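Undergrad: What follows is a predicted protein model with its sequence.
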Amino acid sequence: MRQRWTDVNLKWDPKKWNNITSIIYDPNEIWLPDIFIYNNANQNPSFGPDFYKEDALIRNDGYVDWKSPVIFKSVCKFDIKHFPFDQHNCSFEFGSLIYDVTGIKLTDINYPVIDANNYFNSSHWDVKRVWYTNENIDYPCCKNPYSVITFYITVRRKPLYHTFIFIIPCIVLISNLFIGFYLPIECGERVGLTMTILLAVAVFLQSVSDTLPQNSDSIPILGEFYILIMAECTFSLIATCIVLVVYYRSIGTSVQPIPHWLKKIVINNIGKILAIKRDNEKDNTINYNRYEEEEIPSNNTKALAIINKGYVSDNDNNFRNSKLKDVVNEIQILRSLILKNNTNDEDEDLKNEWKYVAKILDRFFFWFMLIMVTATSVGILVPSYYQHA
């Protein structure tokens, strides 16, 4: 802190005092300006000999030069909205508490605002800019304005530590969600994997909460990033459960048809947009030879003959009435087998439809999650980084 002024009461003639032109003097014995830092955050007073403890240099023409190394503590409001890519403007307001502009007028002495030769670079902050203003400020309490010099310092936080400790591990962790969508749907580990990632993100958020500044005015983007990532992990868990529920609708003795609205939205729209092909399905053609060889007794040659011809002649006198009843019974059995086969084919088609819907939903949720995670990471972190770069 360099303070210089001229005191007419401290002049002397060097010829009368052995040609002494300057002396080092106790500041408690001379008049001192009460230059005080207005936005003070120190418990002790920040002016006077109790704060500036060095002696003063006095010249014979009344010029006083008072220098002292000090540490100022100032009140500075931080906006942590862009933490850890935040930048802040802090100020130090200096002026007199007693004398208005008619008693003390502060002027600059054409020195650099900050002496960078003795400045040590901080591992947490970069000093981007330092400047000052010299103005007269009117206060409602006083008739005359007060002379005030305000120094402004713009500092930017170094985000390297927070990026490598909190952001990159979280992005790597959340990327494992996409691996779960490539696991087979019937694999039960998909839900376990998603829940494990969700718990891991919650642990990271607990660690980050100890680092985040405690402020209720705004939420840091790092906190928003973790909250959105946790929400996306929760949505991924819900999506996985939906896919599994749809897939396992195809399992059972009685398979319900797919609702029309679901088929229209998923198969007709989403499936076509994503260009998802169906899996190879079973041929629905009825194999009559299999029933001829396995289901129908080999001694019923007459029934086979009727099946091959496709009709029964009323004029055939070779069949007796009892034999005719046996043939009719065999035809009814064959008909029931064919109907059963058609029913089984319909059930198989329904099962394949449910599996196809599950496959479409699985691919849809994969791309949706990929877009959401990318938008969250790029949309939140990148603008904040370049805003104060």
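TA: All right, it came through fine. Numbers count the residues shown, from 1 in each chain.
Undergrad: Could you pull out the buried residues of stretch 18-37?
TA: Buried residues in stretch 18-37, counted by 16 or more other CB atoms under 10 Å: 27, 32, 33, 35, 36, 37. (Glycine included, C-beta is placed from N, CA and C.)
Undergrad: ok, so of those, who is nearest residue 376?
TA: Taking CB to CB as the measure, residue 376 lies nearest residue 37 of the buried residues of stretch 18-37, at 43.0 Å.
Undergrad: Residue 243 and residue 32, how far apart?
TA: Residue 243 sits at a distance of 78 Å from residue 32 (criterion: CB to CB, to the nearest Å).
Undergrad: same question for stretch 4-12, mean pLDDT?
TA: For stretch 4-12, mean pLDDT is 92.
Undergrad: One more: stretch 183-203?
TA: 82.
Undergrad: do the same with stretch 86-103
TA: 89.
Undergrad: got the end-to-end distance for that stretch?
TA: Stretch 86-103 has its terminal residues 41 Å apart, counting by CA to CA, to the nearest Å.
Undergrad: Show me how far that stretch is from its chain's centre.
TA: Averaging C-alpha positions (CA atoms, centre = their mean, to the nearest Å) puts stretch 86-103 39 Å from its chain's average.
Undergrad: In three-state terms, label residue 362 for me.
TA: Secondary structure state of residue 362, per DSSP: H, G, I helix; E, B strand; the rest coil, is helix.
Undergrad: Next, work out how far apart it and residue 241 are.
TA: 12 Å.
Undergrad: Show me which of those two is the more surrounded one.
TA: Between residue 362 and residue 241, counted using other CB atoms under 10 Å, the more crowded position is residue 362 (24 against 13).
Undergrad: Three-state assignment for the nearest residue to the more buried one once chain neighbours are set aside, please.
TA: Excluding the flanking residues, the one nearest residue 362 by CB to CB, 6 or more residues apart in numbering is residue 243, at 4.8 Å. Reduced to three states with three-state DSSP, the structure at residue 243 is helix.
Undergrad: Test for you: state the pLDDT assigned to residue 243.
TA: 87.
Undergrad: returning to what we had before: so can I have CSV of the buried residues of stretch 18-37 showing distance to residue 278 and pLDDT?
TA: Putting the buried residues of stretch 18-37 into CSV (distance: CB to CB, whole Å; pLDDT from 0 to 100) gives the following:
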residue, distance to residue 278, pLDDT
27, 92, 86
32, 91, 87
33, 89, 87
35, 84, 85
36, 81, 85
37, 76, 87
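Undergrad: Which ones among those lie within strands?
TA: 35, 36, 37 (DSSP state E).
Undergrad: pLDDT-wise, which helix or strand of the chain ranks last?
TA: helix 288-290 (a mean of 41; mean pLDDT, DSSP states H and E).
Undergrad: got the domain boundaries for the chain?
TA: Following automatic domain parsing, one finds the domains of the chain at 2-159, 161-279+361-387.
Undergrad: Could you report the neighbour count for the residue nearest to residue 362?
TA: 23.
Undergrad: ok, it touching residue 361?
TA: Yes. Taking contacts as CB atoms under 8 Å, residue 243 lies within contact range of residue 361: 5.2 Å.
Undergrad: which residues touch stretch 233-245?
TA: The contact list for stretch 233-245, computed with CB atoms under 8 Å, 6 or more residues apart in numbering, reads 174, 177, 180, 185, 190-191, 194-195, 197-198, 201, 358, 361-362, 365, 368-369, 372.
Undergrad: Of all the residues in that stretch, which ones are buried?
TA: Buried, per 16+ other CB under 10 Å, within stretch 233-245: 233, 235, 236, 237, 239, 240, 243, 244.
Undergrad: got it, and stretch 209-224?
TA: 212, 220, 221, 222, 223, 224.
Undergrad: For this protein, just list every one of the strands.
TA: Shown for the chain, the strands assigned by DSSP E span residues 2-11, 22-25, 35-37, 56-59, 61-67, 87-96, 125-137, 146-157.
Undergrad: Tabulate these (CSV), appending distance to residue 271.
TA: Listed next are the strands of the chain as CSV, based on distance: least, CB to CB, whole Å:
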stretch, distance to residue 271
strand 2-11, 77
strand 22-25, 91
strand 35-37, 70
strand 56-59, 87
strand 61-67, 80
strand 87-96, 49
strand 125-137, 53
strand 146-157, 48
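Undergrad: mind checking which of those strands is nearest residue 353?
TA: Relative to residue 353, the nearest member of these by CB to CB is strand 146-157, separated by 55.7 Å.
Undergrad: Skip the chain neighbours and tell me the closest residue to the residue nearest the centre of the chain.
TA: By CA atoms, centre = their mean, the mean C-alpha position of the chain lies nearest to residue 225, the distance being 1.7 Å. Leaving aside its sequence neighbours, residue 225 sits nearest to residue 380 (CB to CB, 6+ apart; 5.3 Å).
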